[in-house]
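K.L.:
Any chance you can model this:
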Amino acid sequence: MGRLENKVAIVTSGSKGIGETIAERYVEKSAKIIITARHTEEGGVLANNLGENVLFIQQDVSKKVK
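P.N.:
Next up is the predicted model:
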């Protein structure tokens with residue numbers, strides 16, 4: 001049982017770099033993860049590699065939705 005079991009984390013800009021590392025560590029601690037990023041291909045690959053408790057959503061958090 002991981003420290004983050006039954007917890008959900010949203011990791012923005014999570015397809016690479018620091019966000020990717022955070023997502024990987026949270027999965028290791030048994031969290032469910034939602035990764036958002038502009039880079040669809042990288043985010044989708046990462047989500048698939050991290051397993052069934054990870055969802056990727058293509059999103060640019062710097063853009064305001066009207």
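
K.L.:
From now on I want contacts and neighbour counts done on CA atoms only, so please keep to that.
P.N.:
Fine.

K.L.:
Quick check: residue 34 touching residue 52?
P.N.:
No. When contacts are counted by CA atoms under 8 Å, residue 34 is not listed as touching residue 52 (11.1 Å).

K.L.:
And the two? Which one has more around it.
P.N.:
Using other CA atoms under 10 Å as the criterion, residue 34 and residue 52 rank with residue 34 on top: 18 against 10.

K.L.:
ok, now which ones touch that one?
P.N.:
By CA atoms under 8 Å, 6 or more residues apart in numbering, residue 34 lies in contact with 8-11, 54-57.

K.L.:
of those residues, buried ones?
P.N.:
8-9, 11, 54-57 (16 or more other CA atoms under 10 Å).

K.L.:
In CSV, list those residues along with secondary structure, pLDDT and distance to residue 21.
P.N.:
As requested, the buried ones among the contacts of residue 34 are exported to CSV (DSSP: H, G, I helix; E, B strand; the rest coil; pLDDT from 0 to 100; distance: CA to CA, whole Å):
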residue, secondary structure, pLDDT, distance to residue 21
8, strand, 97, 16
9, strand, 96, 13
11, strand, 96, 10
54, strand, 97, 14
55, strand, 97, 15
56, strand, 97, 15
57, strand, 96, 17
